[in-house]
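A.B. asks: below are the sequence and a predicted model; questions follow.
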Amino acid sequence: MSNVEAEPAVLRCGVSGDDVRPTGVPRVDVLPARDVPLGGPRSMTVRRTLPQRDRPLIGAWCFADHYGPDEVTDRGGMALPPHPHTGLQTVTWLFSGEVEHRDTLGTHALVRPGEINLMTGGYGIAHSELSTPRTTVVHGVQLWVALPDEQRNAERDFQHHVPKPVRMKGAEIRVFLGSLAGDVSPVRTFTPLLGAEITLEPGMTLTLSVDTDFEHGVLVDTGDVRVADTLLHRAELGYVPPGADALTLTNESDSPARVILLGGTPFDEEIVMWWNFIGRTHEDIVKAREDWEASSDRFGTTEGFHGGRLPAPALPNATIRPRRNPPRR
């Protein structure tokens, strides 16, 4: 998915300070979502929880959009023409609907609920995403992962995986990245990561063993879910710092609740993110934008898409200011 804001935020994201690892009940910080319209008056509106001013990264996860359920007849569905990415991986995960993906690797794939599609941008890639004609409701999350400096110019890549559900008492888990509840995803990443969909029956409590080196984020799709002793509502993201060896989730709702669990080791690099580009300096972003606007071979051609490309917005007339995660407590 593209960030099609007319004036996308400019971020320099860096390493946070030392964190005092909690004992007993882990601390949970509540990160609210902000509504971002994508496109014109019939556009989709997404709820963005990453990046935030005080929490630009959770592990290498640097971007999280949560959207739907949107009736296609009301909003027009997803209609994103070819657009570029650098220095990142995109993760598409649907709850309902179907999206047609084309990219400059020559990939033509359908994105369906319960199936991960991970695309590596590296030095440069472009792709398009369109709701299919049989889609009536679009509902899901779009996530980005920052690539470490050594791999930020990695070759283009596309991976697809259908995780088998792991059933536990009162819960169902689909692990699309990393490992959890005895399941391991084969999808390759460049830093240690966790990504999973968890569904909880009404009133159920689930305790999961997690990596103490990871920081975690719990994004609520439906229901009211208590993480440790903190209640999260729909579209809120709960942040848990490193140190916890277990996470306890409780569905406080009268209907099933669903969350996306994200995790990873703290990303110990400073990055600059603007529009659909991730670099290390302002100059990296300027060059990527110039290459896209010039139709450079850097991004290739999205075959099979009939229509124009998404133009890049104007760069801000300002120097990129550092923005860091808050010091660890």
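C.D. replies: Looks like it arrived, so ask away.
A.B. asks: residue contacts, Trp61?
C.D. replies: Contact analysis of Trp61 by Cβ atoms under 8 Å, 6 or more residues apart in numbering lists 50, 143-146, 193, 217, 262, 264. C-beta here means a position set from N, CA and C on the backbone, and glycine is covered the same way.
A.B. asks: what does Val138 give?
C.D. replies: 44, 67-70, 72, 75, 77-78, 94, 96-97, 99, 131.
A.B. asks: and of those residues, the nearest to Thr222?
C.D. replies: Pro69 (9.5 Å; Cβ to Cβ).
A.B. asks: okay, and the closest one sits in which element?
C.D. replies: strand 61-71 (DSSP states H and E).
A.B. asks: quick revisit: mind putting the contacts of Val138 into CSV with neighbour count and distance to Gly114?
C.D. replies: Shown next, in CSV, are those (neighbours: other Cβ atoms under 10 Å; distance: Cβ to Cβ, whole Å):
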residue, neighbour count, distance to Gly114
Met44, 23, 21
Tyr67, 24, 17
Gly68, 23, 15
Pro69, 14, 16
Asp70, 22, 19
Val72, 20, 20
Arg75, 21, 23
Gly77, 23, 19
Met78, 29, 17
Leu94, 23, 8
Ser96, 15, 10
Gly97, 24, 12
Val99, 24, 13
Ser131, 23, 17
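A.B. asks: now for those residues, which pair is the farthest apart?
C.D. replies: Greatest spacing in the contacts of Val138, by Cβ to Cβ: Arg75 and Leu94 (15.4 Å).
A.B. asks: for Pro165, which non-adjacent residue is spatially closest?
C.D. replies: Glu172 (5.0 Å; Cβ to Cβ, 6 or more residues apart in numbering).
A.B. asks: got it, and Ala244?
C.D. replies: Using Cβ to Cβ, 6+ apart, the closest residue to Ala244 is Pro26 (3.9 Å).
A.B. asks: what pLDDT does the one you found get?
C.D. replies: Model confidence at Pro26, given as pLDDT, is 94.
A.B. asks: separation between it and Leu249?
C.D. replies: 12 Å (Cβ to Cβ, to the nearest Å).
A.B. asks: got it, and Glu201?
C.D. replies: Remark: distance between Glu201 and Leu249 (Cβ to Cβ) = 12 Å.
A.B. asks: with Glu98 instead?
C.D. replies: With distances taken as Cβ to Cβ, Glu98 is found 29 Å from Leu249.
A.B. asks: over to Arg47?
C.D. replies: Distance from Arg47 to Leu249, by Cβ to Cβ: 20 Å.
A.B. asks: what residues sit buried inside stretch 218-236?
C.D. replies: Using 16 or more other Cβ atoms under 10 Å as the test for burial, stretch 218-236 gives 218-228, 230, 232, 234-236.
A.B. asks: what does stretch 307-321 give?
C.D. replies: 309-310, 312, 315, 320.
A.B. asks: adding secondary structure, distance to Asp297 and pLDDT, write the residues you listed out as JSON lines.
C.D. replies: Shown next, in JSON lines, are the buried residues of stretch 307-321 (DSSP: H, G, I helix; E, B strand; the rest coil; distance: Cβ to Cβ, whole Å; pLDDT from 0 to 100):
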{"residue": "Arg309", "secondary structure": "coil", "distance to Asp297": "14", "pLDDT": "94"}
{"residue": "Leu310", "secondary structure": "coil", "distance to Asp297": "18", "pLDDT": "95"}
{"residue": "Ala312", "secondary structure": "coil", "distance to Asp297": "17", "pLDDT": "96"}
{"residue": "Leu315", "secondary structure": "coil", "distance to Asp297": "22", "pLDDT": "93"}
{"residue": "Ile320", "secondary structure": "coil", "distance to Asp297": "27", "pLDDT": "67"}
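A.B. asks: list just the nearest of those residues to Val210.
C.D. replies: Ile320 (33.8 Å).
A.B. asks: sec struct for Trp292, please.
C.D. replies: Of the three states, Trp292 takes helix according to DSSP: H, G, I helix; E, B strand; the rest coil.
A.B. asks: for it, list the residues it contacts.
C.D. replies: 84, 126, 298-299, 312.
A.B. asks: farthest pair within the residues you listed?
C.D. replies: Longest span within these, Cβ to Cβ: Arg298 and Ala312, 13.1 Å.
A.B. asks: center of the chain, which residue is that?
C.D. replies: Leu143 (1.4 Å; Cα atoms, centre = their mean).
A.B. asks: relative to Asn251, how far out is that one?
C.D. replies: To Asn251, Leu143 is 23 Å away according to Cβ to Cβ.
A.B. asks: Val184 too?
C.D. replies: Separation of Val184 from Asn251 (Cβ to Cβ): 26 Å.
A.B. asks: cool, and Leu31?
C.D. replies: To Asn251, Leu31 is 20 Å away according to Cβ to Cβ.
A.B. asks: so which of the two has more stuff around it?
C.D. replies: Asn251 (26 against 19; other Cβ atoms under 10 Å).
A.B. asks: identify the bridge partners of the nearest residue to Val166 once chain neighbours are set aside.
C.D. replies: Closest residue to Val166 apart from its sequence neighbours, by Cβ to Cβ, 6+ apart: Ile173 at 4.4 Å. Ile173 forms beta bridges with Val166, Ile198, as assigned by DSSP bridges.
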